[in-house]
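A.B. asks: Provide a 3D model corresponding to the input given below.
(chains A, B, C and D)
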2 protein chains.
Amino acid sequence: MPEKVTIADVARRANVSRQTVSNVLNSPDLVREETRERVRQAVEELGYRVNQAARRMRTGRSRLLAVRIEQTQDGMNVFDRFLHGLTESAAKAGYRVILYSADDDRSEIATFDDLLGAYEPDAFVLTGTHYGDVRTSWLAERELAFVTFGRPWGMPEGGDHPWVDVDGAAGTAAATRHLLDAGHRRIGFIGWPEGSGVGDDRRSGWVRALEAASPKGSEAGALERRTDGSAAEGEAAARELIAAGATALVCVSDSVALGAMQAGPAPVIGFDDTPVAAAIGLTSLSQPLSDAAVRCVRVLTRLLEDDSPDKPDHVLLQPSLVIRRTA
Amino acid sequence: MPEKVTIADVARRANVSRQTVSNVLNSPDLVREETRERVRQAVEELGYRVNQAARRMRTGRSRLLAVRIEQTQDGMNVFDRFLHGLTESAAKAGYRVILYSADDDRSEIATFDDLLGAYEPDAFVLTGTHYGDVRTSWLAERELAFVTFGRPWGMPEGGDHPWVDVDGAAGTAAATRHLLDAGHRRIGFIGWPEGSGVGDDRRSGWVRALEAASPKGSEAGALERRTDGSAAEGEAAARELIAAGATALVCVSDSVALGAMQAGPAPVIGFDDTPVAAAIGLTSLSQPLSDAAVRCVRVLTRLLEDDSPDKPDHVLLQPSLVIRRTA
DNA sequence: TACCTCCGTTTGAACGTTCAAACCATTAGA
DNA sequence: TCTAATGGTTTGAACGTTCAAACGGAGGTA
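C.D. replies: Predicted structure coming up:
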């Protein structure tokens, strides 16, 4: 039974009032140096820790960040590394991460409501942004603090909010250039169905790099296939592209790339640098996830603690190419 | 700005007192049926949700479960799937998961202290139990509620606490029998250094299955190697074992098994059924993780809500063999 | 009639914190 | 000398909930 130490205990010990202790903790500059030190020592000696429930009741601040835990079918995702980074950098800033799960946007919004009523998280971190994302507008309408890991795809103007993202196009462009440098001229791309923000972005880097290499209008167009993202379709797409003359392949994901590798010995580059890529020697693009997590927390603390900036923060990070056996 | 609905608003609407509303929520049987319905309707109409901070201040209950987010080097772990299950089953039971991270037992205990002061989680879920685990005794001494996913390895008697685990020995025994059934007689085992509870347990299943197959004293002894768990050492160990006459290999982890696969065409079985195993067609033992998560939550709710049982709950679940290309 | 019990409900207080206002010296300005 | 301003500190109240005790009416018993 860890005896509870309250602010009143500290106050008694330091011969000051409750409020002075509170000031030492929250606005130290209001308190005379000498008193401040005395209070700090009392805090130390008694092992006092602020009770977040009581603080929250008074201030409406919980020091909690709510994050949805997502899971993909094949487990070849990147989210758990991001979450790890988020937990660590949040802790450094004095926040904790609280998890929730949801199956779709609708149920996620219902969970926002639940969480706000029960735990009042100070902010939300959203992942997996997509076209027509209703979550961000729901949060924005209510003036709630949030940041997305992922850009607001296809929001013309109004839907402007803070985000952190990784520049997928720059990644695939770098991958394509890497293959060009190795002498390849017919480089295929295996993507996702059109309409996915992330997928279209990654595709655009491949297009851009090819066009830069042969400005007169490239033969690229034909060397492209779209898949549902599974390894099986990746393999089929790779066979078709190789039959069509492709000598190397850039893929929208490690999962697709894994399939593509089965199609033959042609160089393949994946995206996300999942553990699977490392295991099978797949060259892949690595997202700076812990950096992204740090930036998300920084964006939020700015939003919550400083006077809110006029313009929402936008952070675009660069992925890096991890070269292995396959390219 | 979501207007705050308090218990007083509901009370006013239903023409009852605060306490009656509280009773409807917490001890419905105290309230007359008719009143109960009226209050329920008011709750519904106003979209009332209990404010956990206020409740917690009064009751000392936060409805939070604290879980450490762990990360292994190669990402071939099982934890994120467990965490996902935990989040979902906790939500069903009315709890939320709050994350923390820590580098070792000492700093984890410091974090317990921090969390208890600030957020008062109702219980902790510990993973990665090991010999001489000081975390469990710290929690037990303070009579805090917790469950471990993993048995209390090497605790002779006193250190008895609730746990949920997967029967690793049963898994490797099943894997070994599978290979025996396929006609193999010289089956090697690639493990971790001695002294790891999980590793020794998994090894014991292999020993047991071999002894059952040839009771006269098996030739197994020699067909064993210990590694640091990396794929590199796994490959080296596999080469040695095959050179020593092994025709099939049971491995303590997918990571090691991945290495072993590089050593040649001999059948290999891994452990954990990570996404990597699925990707490369590795036969592996799958832990029932979402089931384990459900059981962890059940153990905790029993501990927290029912009168604590005399005997701590122990739950041992069975892994299942997922057969793929490699065996 | 007077008293007790039981059931359903209400009332006051408390949890630990911070906001807002009040307080009290001390110094500055007129 | 009086008033005003300043810096540092204290006091009272409030956040939304639940515990503990009080309340009041219906029914039963003597």
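A.B. asks: Can you show me the strands along the stretch 201-327 of chain A?
C.D. replies: A:224-226, A:248-251, A:268-271, A:283-286, A:314-317, A:320-322 (DSSP state E, counting those that start in this stretch).
A.B. asks: Show me where chain A has its helices.
C.D. replies: A:7-14, A:18-26, A:33-46, A:52-59, A:79-92, A:105-118, A:134-141, A:168-181, A:197-213, A:231-243, A:254-262, A:275-280, A:289-304 (DSSP state H).
A.B. asks: Is the last one positioned near chain B?
C.D. replies: Right, helix A:289-304. No: Helix A:289-304 does not reach chain B (CB under 8 Å from any CB of the partner chain); its nearest approach is 10.0 Å. (Each C-beta comes from the backbone N, C-alpha and C, glycine too.)
A.B. asks: That helix and DNA strand C, are they touching?
C.D. replies: No: residues of helix A:289-304 contacting DNA strand C under CB under 7 Å from any atom of the strand: none, with a closest distance of 13.2 Å.
A.B. asks: what's next to that helix, contact-wise?
C.D. replies: A:61, A:65, A:78, A:81-86, A:88-90, A:92-93, A:95, A:122-123, A:125, A:145-147, A:149, A:162, A:164-166, A:308-309, A:313, A:315, A:317 (CB atoms under 8 Å, 6 or more residues apart in numbering or on different chains).
A.B. asks: What is the distance between it and the centre of its chain?
C.D. replies: Helix A:289-304 has its C-alpha centroid displaced from the chain centroid by 9 Å (CA atoms, centre = their mean, to the nearest Å).
A.B. asks: Any buried residues in that helix, and which?
C.D. replies: The neighbour-count check on helix A:289-304 (16 or more other CB atoms under 10 Å in any protein chain shown) flags A:289, A:291-304 as buried.
A.B. asks: do the same with the first one
C.D. replies: Neighbour-count burial for helix A:7-14, counted by 16+ other CB under 10 Å, picks out A:7, A:9-11, A:13-14.
A.B. asks: Tabulate those in JSON lines, adding columns for distance to residue B:266 and pLDDT.
C.D. replies: Below are these laid out as JSON lines (distance: CB to CB, whole Å; pLDDT from 0 to 100):
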{"residue": "A:7", "distance to residue B:266": "66", "pLDDT": "95"}
{"residue": "A:9", "distance to residue B:266": "67", "pLDDT": "95"}
{"residue": "A:10", "distance to residue B:266": "66", "pLDDT": "95"}
{"residue": "A:11", "distance to residue B:266": "71", "pLDDT": "95"}
{"residue": "A:13", "distance to residue B:266": "69", "pLDDT": "94"}
{"residue": "A:14", "distance to residue B:266": "71", "pLDDT": "94"}
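A.B. asks: between these, which is nearest DNA strand C?
C.D. replies: Using CB to the nearest atom of the strand, residue A:7 is the member of those that lies nearest DNA strand C, at 2.9 Å.
A.B. asks: Check the gap between the closest one and residue A:120 for me.
C.D. replies: As for residue A:7, its distance to residue A:120 is 21 Å (criterion: CB to CB, to the nearest Å).
A.B. asks: do the same with residue A:47
C.D. replies: On the measure of CB to CB, residue A:47 and residue A:120 end up 27 Å apart.
A.B. asks: of the two, who's got more company?
C.D. replies: residue A:120 (18 against 11; other CB atoms under 10 Å in any protein chain shown).
A.B. asks: do you know how far that one is from residue B:11?
C.D. replies: 21 Å.
A.B. asks: Next: residue A:40.
C.D. replies: Taking CB to CB, one finds residue A:40 at 43 Å from residue B:11.
A.B. asks: Kindly report the same for residue A:208.
C.D. replies: Taking CB to CB, one finds residue A:208 at 63 Å from residue B:11.
A.B. asks: Up against DNA strand D, what does chain A have?
C.D. replies: So chain A meets DNA strand D at A:15-20, A:23, A:30-32, A:34-35, A:54, A:57-58 (CB under 7 Å from any atom of the strand).
A.B. asks: What count of nearby residues applies to whichever residue of the stretch 101-250 of chain A sits closest to DNA strand D?
C.D. replies: Among all residues of the stretch 101-250 of chain A, residue A:117 sits closest to DNA strand D, at 8.2 Å; criterion: CB to the nearest atom of the strand. Residue A:117 has 17 neighbours, counted by other CB under 10 Å.
A.B. asks: so it sits right up against residue B:51, yeah?
C.D. replies: Yes: with contact defined as CB atoms under 8 Å, residue A:117 reaches residue B:51; the gap is 7.2 Å.
A.B. asks: Need the max-distance pair from the residues of chain A next to DNA strand D.
C.D. replies: A:34 and A:57 (31.5 Å; CB to CB).
A.B. asks: Settle it for me: which of these two has more neighbours?
C.D. replies: residue A:57 (17 against 8).
A.B. asks: how about residue A:122, what does it touch?
C.D. replies: Per CB under 8 Å, 6+ apart, neighbours of residue A:122: A:61-65, A:95, A:145, A:300, A:304.
A.B. asks: Around DNA strand C, pick out the residues from the stretch 51-200 of chain A.
C.D. replies: A:51, A:54-55, A:57-59.
A.B. asks: Can you lay out these as JSON lines showing pLDDT and distance to residue B:242?
C.D. replies: Formatted as JSON lines, those follow (pLDDT from 0 to 100; distance: CB to CB, whole Å):
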{"residue": "A:51", "pLDDT": "95", "distance to residue B:242": "61"}
{"residue": "A:54", "pLDDT": "96", "distance to residue B:242": "64"}
{"residue": "A:55", "pLDDT": "95", "distance to residue B:242": "62"}
{"residue": "A:57", "pLDDT": "94", "distance to residue B:242": "66"}
{"residue": "A:58", "pLDDT": "94", "distance to residue B:242": "68"}
{"residue": "A:59", "pLDDT": "93", "distance to residue B:242": "65"}
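A.B. asks: Weed out the non-buried ones from those.
C.D. replies: A:51, A:55, A:57.
A.B. asks: Next one: the last one relative to residue B:202, how far apart?
C.D. replies: When CB to CB is applied, the distance between residue A:57 and residue B:202 equals 49 Å.
A.B. asks: cool, residue A:24 as well?
C.D. replies: 53 Å.
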